[in-house]
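> Fold the stuff below for me.
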Amino acid sequence: MSKKIVFMGTPNFAVPILKNIYQNGFEVSAVYTQQPKKSNRGQKINKSPIHLLAETLNLIVRTPSKLKDNYEEFEYLKKINFDLAIIVAYGQLIPKKYLDLNKNNFINIHASILPKLRGAAPIQRSIMNLDKETGISIMKINDKLDSGDVSKVFKLKILENENAQSLSERLSTLASEKILNIIDDILDGNAIFKKQDDQNATYANKIDKSEGKINWNEEVEKIIGKINGLYPSPGAWFSFNGERHKILKAIPQGSNGNPGYVLNESLEVACGKNSLKILEIQREGKKAQKINEFIQGTKIKKGSNLNNA
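Purely as a prediction, here's the structure:
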């Protein structure tokens, strides 16, 4: 008799993982994901990437607004009598009452080398922190944030000038490959879990949009870390003539000057230490542009001040 798996996830990061679990013959009894959201104009309902995949695979989809104090969902999960729940960036904390349904088999895939970077934004923060490596941790869920016992950690080097989108895709692929053997080990009772060292814990707080504003007094590596870490959303930006400009891609350069000032016509900008060359940029409400195209129509020129302009 096949084992019953409940999958809880929401963003693109979770898609390859659910797909690989399903394609390898595991019985997915239900998929939990965040509720569909209305678009800005309210005309269209946007389902999560996991919701869309689950429908394509003809899986049962549940989208409760909350699990806490939700009698209907609790009774539904209880009735399924599942063997394993796998959580991947679901977007809701799992109440203790639910965890008690299956004390050993609520498993989370977290995108960091725990206990480092517990929390909502480990991929973005690893790049913004200028870390050289990150990874995924397979852990039990408890009633505290990302602090459960860990079974496996798989490390991955962060590539030079890599952005959060690229790193997220590589970590997701890694997780989708590694989770299959771990599922078997857990269900067979062969998985070994070790406690985390709480004294070495660090936290990856949720990204606030205000963090995207570029401080040109910082050294170039930190600014590029912000550009890459916040790509594609919410993005790193500066303001010029009251219009926000999001830098999508940049590389470090060795020039020096007054921080925030444009050093030449190719839009090299001085930082607190050294400088950066913008390669791709996006004006507010406009499409992304390569820098050569952008230069032809912009009022930003050599000598322009990008500090709160």
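
> domain ranges for this protein?
If you go by automatic domain parsing, the domain ranges for the chain are 4-200, 210-297.

> Okay, now the last one: how far is its last residue from its first?
Terminal residues of domain 210-297 are spaced 27 Å apart (CA to CA, to the nearest Å).

> Please give me every residue in contact with the residue nearest to residue 153 when sequence neighbours are not counted.
If you skip the residues right next to it in sequence, residue 153 has residue 137 as its closest partner in space, 5.0 Å away by CB to CB, 6 or more residues apart in numbering. All C-beta spots, glycine's among them, are computed from the backbone N, C-alpha and C. For residue 137, the contact set (CB atoms under 8 Å, 6 or more residues apart in numbering) comprises 109-110, 112-114, 150, 152-153.

> ditto for residue 123
111-112, 134, 164, 167-168, 171 are the contacts of residue 123 under CB under 8 Å, 6+ apart.

> for residue 269, same thing?
Residue 269 is in contact with 216, 260-263, 275-276, 278, 306, counting by CB under 8 Å, 6+ apart.

> now, which of the contacts of residue 123 lie within helices?
Of these, the ones assigned to helices by DSSP state H are 164, 167-168, 171.

> ok, of the residues you listed, which one's closest to residue 4?
Proximity of the ones in helices among the contacts of residue 123 to residue 4, judged by CB to CB, is greatest for residue 171, which lies at 26.8 Å.

> Can you give me the separation between the closest one and residue 9?
Distance check for residue 171 against residue 9: by CB to CB, to the nearest Å, it reads 14 Å.

> So which of those two has more stuff around it?
Ranked by neighbour count (other CB atoms under 10 Å), residue 171 and residue 9 place residue 9 first, with 27 against 22.

> What residues sit buried inside the strand ranked longest in the chain?
Of all the elements of type strand in the chain, the one with the most residues (DSSP state E) is strand 243-253. Using 16 or more other CB atoms under 10 Å as the test for burial, strand 243-253 gives 245-250, 252-253.

> Whichever helix or strand comes after that strand - what's its average pLDDT?
Per DSSP states H and E, strand 243-253 leads on to strand 268-270 as the next helix or strand towards the C-terminus. Taken as a whole, strand 268-270 has a mean pLDDT of 98.

> what about the nearest residue to residue 130 once chain neighbours are set aside, is that helix, strand or coil?
Spatial nearest neighbour of residue 130, chain neighbours left out: residue 225 (5.1 Å); criterion: CB to CB, 6+ apart. Under the three-state scheme (DSSP: H, G, I helix; E, B strand; the rest coil), residue 225 adopts helix.

> Next, count neighbours for residue 225.
For residue 225, the neighbour count with other CB under 10 Å is 22.
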